[in-house]
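Student: got a predicted structure here, sequence first:
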Amino acid sequence: MFNFEEANLKGKEAIDAALKNYAGMTKSLQEIATEATDYTKKSFEDGVAHFEKLAGAKSIEEAFELQSAYVKTAFEKFVAQSTKMTEMYTDLAKDAYKPYETAVTQVKETAQEAA
């Protein structure tokens, strides 16, 4: 026989877990946005500083060396930032999946108890 009280309790638990998860996801998204903003700001500042150095170059060779060093550094920073952002998005996806994982586990346990 179907137990309405138990179903109501399970539904309440699921909603509570979803709300808790939503709060965690919101925090993660804010952290991702902050990280992206900080990286963009720093990249712009680095670009402006590089342009100022480049404008003061005394020869084409010096300008070429400055440009080469800047491109190498910018690329390394981009790869590092991309790795960091990928990790942040991966953590977000894992957190988003947790309520479903819990719900599936509970359904399996309930089915095993019923059998």
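Tutor: Right, received. Where do you want to start?

Student: identify the residues contacting Glu45.
Tutor: Residues in contact with Glu45 (Cβ atoms under 8 Å, 6 or more residues apart in numbering): none are found. Heads up, the C-betas are built off the backbone N, CA and C, glycines and all.

Student: can you check Gln106 too?
Tutor: Taking Cβ under 8 Å, 6+ apart as the test, what Gln106 contacts is Lys10.

Student: now do the SS call for it.
Tutor: Following DSSP: H, G, I helix; E, B strand; the rest coil, the label given to Gln106 is helix.

Student: how about low-confidence regions in the protein?
Tutor: Along the chain, segments meeting pLDDT under 70 span 1-2, 103, 115.

Student: which residue ranges form the helices in this structure?
Tutor: Counting by DSSP state H, the segments of the chain that form helices are 4-55, 60-114.

Student: the last one versus helix 4-55: what angle between them?
Tutor: Orientation note: helix 60-114 sits at an angle of 170 degrees relative to helix 4-55 (axes from the mean of the first three to the mean of the last three Cα atoms, to 10 degrees).

Student: next one: helix 60-114 to chain centre, how far?
Tutor: Taking Cα atoms, centre = their mean, to the nearest Å, one finds helix 60-114 lying 6 Å from the centre of the chain it belongs to.
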